[in-house]
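Engineer: Following is a predicted model, sequence given first.
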Amino acid sequence: MTARAPLERTRGFDVWGFLLFSHGWTWLWWSVPIIADWHVFEFPGIVFLIGGGLGVTIGGVVMAWWIGGQTGLADLKRRLVDVRLIPGRWAVVTLALWPALALVGSVAATVVDGASQPASAAPLLDLLAEPVVLVGTLLVIFLLGPFHEEIGWRGYWLDRLQLRWSALTSSLVLGVAWAAWHAPLFLMVGYFSSWDFSPDPALFAFNILVGTILYTWLFNNTARSLLAAIAFHFVGNATGQLLDLSPQADFYQTVATTALVVIVLLWWGPATLRRDEERPLAPY
């Protein structure tokens, strides 16, 4: 199948069609356990939790096919499996940036506020004593966010946004949509209480908005690698769930992340967030 005619694109269907599908599907499914007051990690609530989360995945795949046909699907697959798209220095950024920012936040809490224990690796250490549980936990972290979300956000949607707007504007649009997509989780019985943290909704949304700029920065410097985005997302989520930060350290981590974003924007430029002048365009 060849790419679709440009009629849908001129009407913005390639952008807003995905948004309507991803949020509509997810919020419809997630509304059921919220209304029924079901625990989302127990049956039947977990069925709706998982089913709803697939909205952004299905939306990314369906829209890649609808707009790009077989070319769109092939491009999605290539960026998912091709490790060669990620230069060595960007592999380091992918795997080390989030832990490094957590460390900076912890050190700042110690130096500025005199915190005696700004961070604890107890969750990780407990899991290391039970390798099977550790693997299971990492698998859950991987599946409940990084893999299925990135197929939509960076696998499909970011490309379409950057065809219209600058990298910074695209990041902000995606960040707002991404934060809003998560909003029902705060209304679900047992979702955040089942983990070792319960984020403040406003800080959670701000961190997503700021972090989205870093995702775009990584995306545009790894030849649009979906694999890099998934790994970046996974490391970020794993760091947050396996390392307990004090409220002060968490605050300073947010400050450090925001400062890094400012540096990135000043160095790379808000229009591109990349070294070269070519914008990353989808091949369809």
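Structural biologist: Thanks, I have the structure now. Residues are numbered from 1 along each chain as shown.
Engineer: so which helix or strand takes in the residue positioned nearest the centre of the chain?
Structural biologist: For the chain, the residue nearest the mean C-alpha position is His233 (5.0 Å; C-alpha atoms, centre = their mean). In the assignment (DSSP states H and E), His233 maps to helix 226-242.
Engineer: Quick one: list the elements packing against that helix.
Structural biologist: Helix 226-242 sits against helix 55-81, helix 88-113, helix 122-128, helix 131-143, helix 146-152, helix 201-220, with contacts defined as 3 or more C-beta pairs under 8 Å, 6 or more residues apart in numbering; DSSP states H and E. For the C-beta atoms, the positions are set from N, CA and C on the backbone; glycine is no exception.
Engineer: relative to helix 131-143, how tilted is it?
Structural biologist: 120 degrees (axes from the mean of the first three to the mean of the last three C-alpha atoms, to 10 degrees).
Engineer: quick one, helix 226-242 and helix 55-81 angle?
Structural biologist: Helix 226-242 and helix 55-81 meet at an angle of 120 degrees, taking the same axes, to 10 degrees as the criterion.
Engineer: gap between helix 226-242 and the chain center?
Structural biologist: Distance of helix 226-242 from the chain centroid (C-alpha atoms, centre = their mean, to the nearest Å) equals 8 Å.
Engineer: Following it in sequence, what is the next regular element?
Structural biologist: strand 244-245.
Engineer: could you give the mean pLDDT of that next one?
Structural biologist: For strand 244-245, mean pLDDT is 90.
Engineer: Residues contacting it from elsewhere in the structure, which ones?
Structural biologist: Ala102, Gly105, Ser106, Pro118, Ala119, Ser120, Ala121, Ala122, Pro123, Asp196, Phe197, Gln253 (C-beta atoms under 8 Å, 6 or more residues apart in numbering).
Engineer: any idea what sits nearest the last one, other than its immediate chain neighbours?
Structural biologist: Distance criterion C-beta to C-beta, 6 or more residues apart in numbering; nearest residue to Gln253, sequence neighbours excluded, is Gly105 at 3.0 Å.
Engineer: Can you read off the pLDDT for the one you found?
Structural biologist: Here the pLDDT value assigned to Gly105 is 96.
Engineer: what does Trp195 give?
Structural biologist: 59.
Engineer: what do you get for Leu125?
Structural biologist: Per-residue confidence (pLDDT) for Leu125: 89.
Engineer: what about it, distance to Ser170?
Structural biologist: The gap separating Leu125 from Ser170 is 40 Å, by C-beta to C-beta, to the nearest Å.
Engineer: Comparing these two, which residue is more hemmed in?
Structural biologist: Each of Leu125 and Ser170 has its neighbours counted (other C-beta atoms under 10 Å); Ser170 has more, 24 against 10.
Engineer: which residue sits closest to that one in space, ignoring its chain neighbours?
Structural biologist: With C-beta to C-beta, 6+ apart, the residue lying closest to Ser170 is Leu161, at 3.7 Å.
Engineer: check contacts around the one you found.
Structural biologist: Val15, Thr169, Ser170, Val173, Leu174.
Engineer: Now list the buried members of these.
Structural biologist: Buried subset of the contacts of Leu161 (neighbour count, 16 or more other C-beta atoms under 10 Å): Val15, Ser170, Val173, Leu174.
Engineer: My guess is the third one contacts Ser166. True?
Structural biologist: No. Taking contact to mean C-beta atoms under 8 Å, the distance of 10.5 Å between Val173 and Ser166 leaves them out of contact.
Engineer: Give me the buried positions along stretch 203-212.
Structural biologist: Phe204, Ala205, Phe206, Asn207, Ile208, Leu209, Val210, Gly211, Thr212.
Engineer: likewise stretch 126-135?
Structural biologist: Leu127.
Engineer: Same check on stretch 252-265?
Structural biologist: Tyr252, Gln253, Thr254, Ala256, Thr257, Thr258, Leu260, Val261, Val264, Leu265.
Engineer: Repeat that for stretch 58-66.
Structural biologist: By neighbour count with 16+ other C-beta under 10 Å, stretch 58-66 contains the buried residues Ile58, Gly59, Gly60, Val61, Val62, Met63, Ala64, Trp65, Trp66.
Engineer: Please apply the same query to stretch 20-38.
Structural biologist: For stretch 20-38, a neighbour-count test (16+ other C-beta under 10 Å) marks Phe21, Ser22, His23, Trp25, Thr26, Trp27, Trp29, Trp30, Val32, Pro33, Ile34, Trp38 as buried.
Engineer: Mind listing residues that contact it?
Structural biologist: 39-40, 44-45, 48-49, 51-56, 58-60, 62-63, 152, 177, 180-181, 184-185, 187-189.
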